[in-house]
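Enquirer: sequence and predicted model, in that order:
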Amino acid sequence: MRRLMICSFLLVLAATANAAQPIRLGLNYPSTGNYKSEGLELRRGALLAIETLNRQGGVLGRPLELISRNTAAREEKARANIEKFAAEGATMAFGGATSEEAIAAGQRARELGLLFFPTLGYANAITGHDGQRYLFRETNSA
């Protein structure tokens, strides 16, 4: 009986410790370059959404934490940022202001098993022929 109580206590302790761990999200956005204004709007929107969700208790009782990195709207930077997000424990990455960024970041995310959501990429190549289970998108419609 005592062993069962100790095991139960350890399980509750582990669950409580895990509940306090934030869910890390990586934001790829251009804070410099031609798409700077779009990138800053992406960041503001992400911060607002995370603040709102965290005020409501987070996701499954866990707070969200945003990790942001500049892409300068360049494919190689977007790809490198995905690697950094994965190394920092991000569960998912999103962002980008061009389809080229989205394709490069999505491919690297797939290789690392990281979910990726391109926010401003509209080319069919993003989810078309090379679409895969780690990448998803929503496009605006007139």
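Expert: Good, I have the coordinates.
Enquirer: and the helix or strand hosting residue 44, what's buried?
Expert: Residue 44 belongs to helix 36-55 when assigned by DSSP states H and E. Residues of helix 36-55 classed as buried: 36, 38, 39, 42, 43, 46, 50 (neighbour count, 16 or more other CB atoms under 10 Å). From N, CA and C alone the C-beta is placed, and that goes for glycine too.
Enquirer: what's the following helix or strand after the helix or strand of the chain with the lowest mean pLDDT?
Expert: In the chain, the helix or strand scored least confidently by mean pLDDT, DSSP states H and E is helix 2-20, which has a mean of 51. Per DSSP H and E, the first helix or strand lying C-terminal to helix 2-20 is strand 23-29.
Enquirer: for that next one, packing partners?
Expert: Applying 3 or more CB pairs under 8 Å, 6 or more residues apart in numbering; DSSP states H and E, we find strand 23-29 packed against helix 36-55, strand 64-70, helix 75-87, strand 92-95.
Enquirer: give me the most central residue, this protein.
Expert: In the chain, the residue lying closest to the centroid (CA atoms, centre = their mean) is residue 93, at 2.3 Å.
Enquirer: thinking again about what came up before, tilt between the helix holding residue 44 and strand 23-29?
Expert: Interaxial angle, helix 36-55 versus strand 23-29 (axes from the mean of the first three to the mean of the last three CA atoms, to 10 degrees): 170 degrees.
Enquirer: show me what helix 36-55 is packed up against.
Expert: Packed next to helix 36-55, using 3+ CB pairs under 8 Å, 6+ apart, are strand 23-29, strand 64-70, strand 92-95.
Enquirer: which strands or helices does the last one pack on?
Expert: Other elements packing on strand 92-95 under the criterion 3+ CB pairs under 8 Å, 6+ apart are strand 23-29, helix 36-55, helix 75-87, helix 99-112, strand 115-118.
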